[in-house]
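> coordinates only, sequence not included:
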RNA sequence: GCCGGCUUAGCUCAGUUGGCAGAGCAUCUGAUUUGUAAUCAGAGGGUCGGGGGUUCGAAUCCCUCAGCCGGCACCA
């Protein structure tokens, strides 16, 4: 006789085996209606699951995280059923839950159209109103393969063939539709929440670009209409922040057909870009780096030594000159850096050498990968290579991590996650070398008490790496910095140093990037701030605007005074009403608007209006300069 | 690179079954000299992404190339 313990500590005893649904009903009709699944002894099961022994049970509803997942998974099935009803020749494949929703991949000759999506959504609603029960069945593997083959579901059969032969499979049936699935699922289609099909895309069968392409339909699903609406609102918010849109509104940069994946920087955008470089440069100098610069175009020979020619030939821009030499635009800065290191003999006394370079690299990225500033073919890395002894390696790693984290904080990214990527399957170098490199990176992290997650097998082919992932204001993650330990390139380029005993030794090479691609980081900053850059980064910090022509000379003088103190100020002397100027400059996200009328001119003051509309009133020019200086030096928003 | 969609004035976008290319903002000219998110009036502005085809006639239908957008794959 089952004795069932509930989360609140109470226990219920039943005279015969009961289902999760029965237990929920015994607690209350409302709960029974809301129940989507149950957790029995830590395992999530359907509400139809029968309990015949003593257990603990938690009823899962859409208010539980697991409940929402089940809802989304069941919505994927709902969609597949609708698709099969409308387009019976379609084959189903897989339909997993993803963040905020789900997708389902279909195989079908004819492409789905956006109009089809509407029809599918309608059919889904119809199935919901039919309130079809969702039933679980168990089948042997071989029987299941036969079952799906007979239905013409070749893909499903192939998926099942990969499952061990002795395993029993669960199938879920809802009316005319049946799908292989681990489950659990909602008890009936009527219990679906609010959903919407969002986009149509191609996706390779089994995620491999050698395979045929399937059609993927994405959707989102939520317990209530209200939550669905909130989600759609969140998408709109992200769209508002889109750096491509913001960049156009603020006049920062442009793209052009003739140079796909290349940025045309406008004066204001380039000012921002320079601010980033200058800030990183200053912080690096303080941290003991030297800065260098190496050629953009170098002979193919150098890329053969580094191994890039063999590995990335088709992603490199190259050119043949009149005299039949083949040159390549640099896709990486390291070969140039090692070349500098190799100039002259190095002693152990010279190490560590921290060599930074704001190098512009060129990579022929696949056309489909290009995306605004986030993925371009020509970008500037705030790159550095640190040459040190094996003994110095761990300490140098610590210093890099410290510098990176502190710079991220200065840019307003306090939530930084670290990932440790260890040796990949295909790699060069022996295991003892990898042991050394991995333990140095890990040792640095551990000794600093930092938490990190593992990215197993995701290291570069020549060495393990630490990745710095920044979380932005609306919760998205961006991988920016990296730190890689490398003994391969020094070997390939035969870089050496004289050790204390006079012998010749191999230096360790640490590759590190701080913000990564400065183009991309500009995009991230714009989206993080929604275009409202803090005064220290704003390309124009203040615009001085006159009420009438009578104050034009004074306005120009104010701009001069501020510029002389290193501020980025402009004037707006157009013959327009003050409200019009304020509106325009506000849309350009200028942090401070300085309004000048006769009163201000006579008192040698400025009337200060903040971007958020706050009026700070009239103040002396110097008082405003101090205010702005404080904001800039504290990097306040 | 692959799948799907899109490309009309500087920007945002209308444009019916194939039948004279439009609006708002911006620009220019004039008036207005204005106090915290759009002053008024007038004018100019287009190879409808490029090329090819169907048709009496193409922004509209077909083919092709490019770019962009959403995914997939890729990201040293």
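Thanks, I have it. Note that the coordinates shown come from a computational prediction; the quantities given were computed from them, not determined experimentally.
> Please enumerate the helices of the stretch 201-350 of chain A.
Counting by DSSP state H, counting those that start in this stretch, the segments of the stretch 201-350 of chain A that form helices are A:225-241, A:243-249, A:267-286, A:300-306, A:308-312, A:334-342.
> what about the second one and RNA strand B, touching?
What it means is helix A:243-249. Yes. Interface with RNA strand B: helix A:243-249 contributes A:244, A:248 (C-beta under 7 Å from any atom of the strand). In short, each C-beta sits where N, CA and C put it, glycine included.
> Could you give me the buried positions within that helix?
Buried residues in helix A:243-249, counting neighbours by 16 or more other C-beta atoms under 10 Å, are found at A:243-244, A:246-247.
> repeat for the third one
Neighbour-count burial for helix A:267-286 flags A:268-269, A:271-273, A:275-276, A:279-281, A:283-284 (criterion: 16+ other C-beta under 10 Å).
> Could you do the fifth one as well?
Of the residues in helix A:308-312, those with enough neighbours to count as buried (16+ other C-beta under 10 Å) are A:308-309, A:312.
> Likewise for the first one?
The neighbour-count check on helix A:225-241 (16+ other C-beta under 10 Å) flags A:227-228, A:231, A:241 as buried.
> quick one: is it near RNA strand B?
No. Using C-beta under 7 Å from any atom of the strand, helix A:225-241 stays clear of RNA strand B, with a minimum separation of 8.5 Å.
> what's that helix in contact with?
The contact list for helix A:225-241 (C-beta atoms under 8 Å, 6 or more residues apart in numbering) reads A:100, A:193-196, A:220-222, A:245, A:474, A:476, A:526-527, A:530-531.
> ok, back up a step: so which of the buried residues of helix A:225-241 is the closest to RNA strand B?
The nearest member of the buried residues of helix A:225-241 to RNA strand B, counting by C-beta to the nearest atom of the strand, is residue A:241 at 11.8 Å.
> For the closest one, give me the pLDDT.
For residue A:241, the pLDDT comes out at 94.
> do the one 3 residues further on as well
You'll see residue A:244 listed with a pLDDT of 96.
> one step back: quick one: which two of the buried residues of helix A:243-249 are the most distant?
A:244 and A:246 (7.4 Å; C-beta to C-beta).
> coming back round to it: out of the buried residues of helix A:243-249, which comes closest to residue A:509?
Nearest to residue A:509 among those is residue A:243, at 33.3 Å by C-beta to C-beta.
> Contact partners for that closest one?
Residue A:243 touches A:372-374, A:522-524, A:526-527, counting by C-beta under 8 Å, 6+ apart.
> Rebuild these as CSV, extending it with distance to RNA strand B, pLDDT and neighbour count.
Putting those into CSV (distance: C-beta to the nearest atom of the strand, whole Å; pLDDT from 0 to 100; neighbours: other C-beta atoms under 10 Å) gives the following:
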residue, distance to RNA strand B, pLDDT, neighbour count
A:372, 5, 96, 20
A:373, 9, 98, 25
A:374, 9, 97, 18
A:522, 15, 98, 26
A:523, 11, 97, 26
A:524, 14, 97, 23
A:526, 14, 97, 26
A:527, 11, 96, 25
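> what about the residue lying closest to residue A:528 once chain neighbours are set aside, neighbour count?
Residue nearest to residue A:528 in three dimensions, not counting chain neighbours: residue A:472, with 4.3 Å by C-beta to C-beta, 6 or more residues apart in numbering. Burial of residue A:472 is recorded as 17 neighbouring residues (other C-beta atoms under 10 Å).
> wait, isn't residue A:472 in contact with residue A:412?
No. In this structure, residue A:472 is not within contact of residue A:412 by C-beta atoms under 8 Å, at 9.4 Å.
> Mutual contacts of these two, please.
The contact sets of residue A:472 and residue A:412 overlap at residue A:528 (C-beta under 8 Å, 6+ apart).
> So chain A: which segments form each domain?
A:3-61, A:68-238, A:257-527, A:542-633 (automatic domain parsing).
> what about the last one, how long is it end to end?
Here the two ends of domain A:542-633 are set 16 Å apart, with distance taken as C-alpha to C-alpha, to the nearest Å.
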